[in-house]
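> the sequence isn't on hand, but the structure is:
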């Protein structure tokens, strides 16, 4: 019988640790993501967010937009999600978002990317083996225009706790 694949598997740690987050360090999060009309409509429907700007093109055009506007909370969760691999995949509870600002509308077909700068870090007094890190994240469209920004804080595992 062939060797069980589990015997060949090796654990690969994911994400960064507290020591990797030196204040001033900037992460250019890879890939990016294009927002589609269908996902914005579905997101709005599933979250009971019935603002007609997000699913009625005629209404959106009557209010000065070229068409449907992507739901801003979809924009937020998309940009936030782009940061996870670099910032929080290493583990540690999410502590919150502050100073969330939607800078300009996003439209279906816009491609978003994210970048984050480490603002601050300190060892946690109450959670042994963790530090507290705060980042400033910017979401930009395909024209490098700022569409959203926010500050985010997490508990982050120390490498050698």
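Good, I have the coordinates. Computed from a predicted structure; not experimentally measured.
> quick check: bridge partners of residue 29?
residue 114 (DSSP bridges).
> next: the one 4 residues further on.
Note on residue 33: beta-bridge partners residue 112, judged by DSSP bridges.
> separation between it and residue 116?
15 Å (C-beta to C-beta, to the nearest Å). All C-beta spots, glycine's among them, are computed from the backbone N, C-alpha and C.
> these two: who's more crowded?
Comparing residue 33 with residue 116 by other C-beta atoms under 10 Å, the one with more neighbours is residue 116, at 24 against 15.
> longest helix of the protein?
The residue-count maximum for a helix in the chain (DSSP state H) belongs to helix 72-87.
> that one: which residues count as buried?
Neighbour counts over helix 72-87 (16 or more other C-beta atoms under 10 Å) mark 72, 74-76, 78-80, 82-83, 85-87 as buried.
> OK, contacts around residue 95?
Applying C-beta atoms under 8 Å, 6 or more residues apart in numbering, we find residue 95 in contact with 132, 153-155.
> return the list of strands paired to the helix or strand encompassing it, each annotated with direction.
Element membership for residue 95, per DSSP states H and E: strand 94-102. Using DSSP bridges, strand 94-102 pairs in its sheet with strand 146-157 (antiparallel).
> just give me how far the strand it pairs with sits from the chain centre.
Centre-to-centre, strand 146-157 and its host chain are 8 Å apart (C-alpha atoms, centre = their mean, to the nearest Å).
> helices or strands next to the lowest-mean-pLDDT helix or strand in the chain in the packing?
In the chain, no helix or strand scores lower on mean pLDDT, DSSP states H and E than helix 5-8, which sits at a mean of 80. In terms of contacts (3 or more C-beta pairs under 8 Å, 6 or more residues apart in numbering; DSSP states H and E), helix 5-8 is packed against no helix or strand at all.
> in stretch 43-54, what's buried?
Going by neighbour count (16+ other C-beta under 10 Å), the buried part of stretch 43-54 is 43-44, 53-54.
> which of the residues you listed fall within helices?
Using DSSP H, the buried residues of stretch 43-54 in helices are 43-44.
> between the buried residues of stretch 43-54, which is nearest residue 61?
residue 53 (10.0 Å; C-beta to C-beta).
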